[in-house]
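> take this sequence and fold it.
(one chain, ligands or ions: 1)
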Amino acid sequence: MQYSARDRKGKMDFDQFLRVVRKRRCIRQFKPDPIPDEFIEKILETARWAMSGANGQPWEFVVVREKVLREKLFQIFMDSRKRNRIIEQTRLKELRHPAFATAKEEVGFRDAPVVIVVCGDPRTFQATVLASHFYGGEGGPMATFYKNMANATQLIHLAAGALGLGAQWVSVNNTWESRIKDLLGIPAVLGVHTVVPVGYPAYKASPAYRRRLAEMVHYDTYDKSKLRSDEQIQEFLENLRRRTSTAYKVES
Ligand SMILES: Cc1cc2nc3c(=O)[nH]c(=O)nc-3n(C[C@H](O)[C@H](O)[C@H](O)COP(=O)(O)O)c2cc1C
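Okay, here's the model as predicted:
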């Protein structure tokens, strides 16, 4: 196919964009080397442009650089993992999340030079149309808040990847959210959504795995021949565990 000058330019931008998207990996151990402040600004400038329901923009970012605070944050994270680990060990071995497949603790993000704490103000969901508050549009107000926050977190990851950095997406739940708030002085009314350690990767990430495009795309109407049975989903999960277990280990 012949591309017009305009389409050639669009294709070049797209190819570059897709390279960044494909290259990005979640990284879970970091070199202690500092990263330029400018990189953090670029990452957060990117996150600022995330989409949000009715442009409510709930996000705020606490950039933790102080070593003592980072260590305390890491300790809070490790405490929460102890509980997760015990619960995960009750699962069938082949279905255990790779981060908790064994009773052994890993080094984790301890050495990351910067940790971005992604928090936000759920009151901003009032920006969305009133009807969605009654009818559970998009899963209801808190779901909208979480989706908005996830969009900003996603852009943090992509920007970090584009800058040659690694980042981890650490989900925060209510077993440790209040401890983070106390440590960093985050007001109670805000929600802490994700903790994102950022730095140079301490290992080479294993290749990414994604389902094939043809399996998930339906043209015009849903192609029911692609609907997976319960057994196929189970098989998918077991394969997924096998494929992704290396992503949680350091290859020296
Ligand atoms: C909603 C959500 C929650 C996640 N929670 C965690 C987490 O708590 N810890 C972690 O290490 N990775 C977490 N991840 C990262 C995923 O495990 C990761 O994106 C997935 O395994 C694909 O690997 P990749 O990002 O390297 O392609 C989370 C990602 C998302 C979108």
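
> which residues does the lowest-mean-pLDDT helix or strand in the chain contact?
When each helix and strand of the chain is scored by mean pLDDT, DSSP states H and E, helix 130-135 comes last, with a mean of 81. Under the contact criterion CB atoms under 8 Å, 6 or more residues apart in numbering, helix 130-135 has outside partners 125, 137-138, 140-141, 144. (C-beta placed from N, C-alpha, C; glycine too.)

> which ones among these lie within helices?
Among the contacts of helix 130-135, DSSP state H puts 141, 144 in helices.

> what about residue 63, helix or strand, and which?
strand 59-64 (DSSP states H and E).

> show me the helices in the protein, by range?
Under DSSP H, the chain gives helices at 5-23, 37-48, 67-88, 130-135, 141-162, 177-184, 213-216, 230-244.

> just checking, what packs against the second one?
Where contact means 3 or more CB pairs under 8 Å, 6 or more residues apart in numbering; DSSP states H and E, helix 37-48 is packed against strand 59-64, strand 114-120, helix 141-162.

> report the buried residues of the longest one.
For helix 141-162, a neighbour-count test (16 or more other CB atoms under 10 Å) marks 141, 144-146, 148-149, 151-162 as buried.

> list the contacts of residue 169.
26, 153, 157, 194, 196.

> ok now the least confident helix or strand of the chain, how far from the chain's centre?
28 Å (CA atoms, centre = their mean, to the nearest Å).

> in it, what's buried?
In terms of neighbour count (16+ other CB under 10 Å), helix 130-135 has its buried residues at residue 132.

> try stretch 67-87
In stretch 67-87, counting by 16+ other CB under 10 Å, buried: 70, 72-74, 76-77, 80-81, 85.

> make a markdown table from these and add pLDDT to it.
As requested, these are exported to a markdown table (pLDDT from 0 to 100):
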| residue | pLDDT |
| --- | --- |
| 70 | 98 |
| 72 | 98 |
| 73 | 97 |
| 74 | 96 |
| 76 | 96 |
| 77 | 95 |
| 80 | 90 |
| 81 | 88 |
| 85 | 87 |
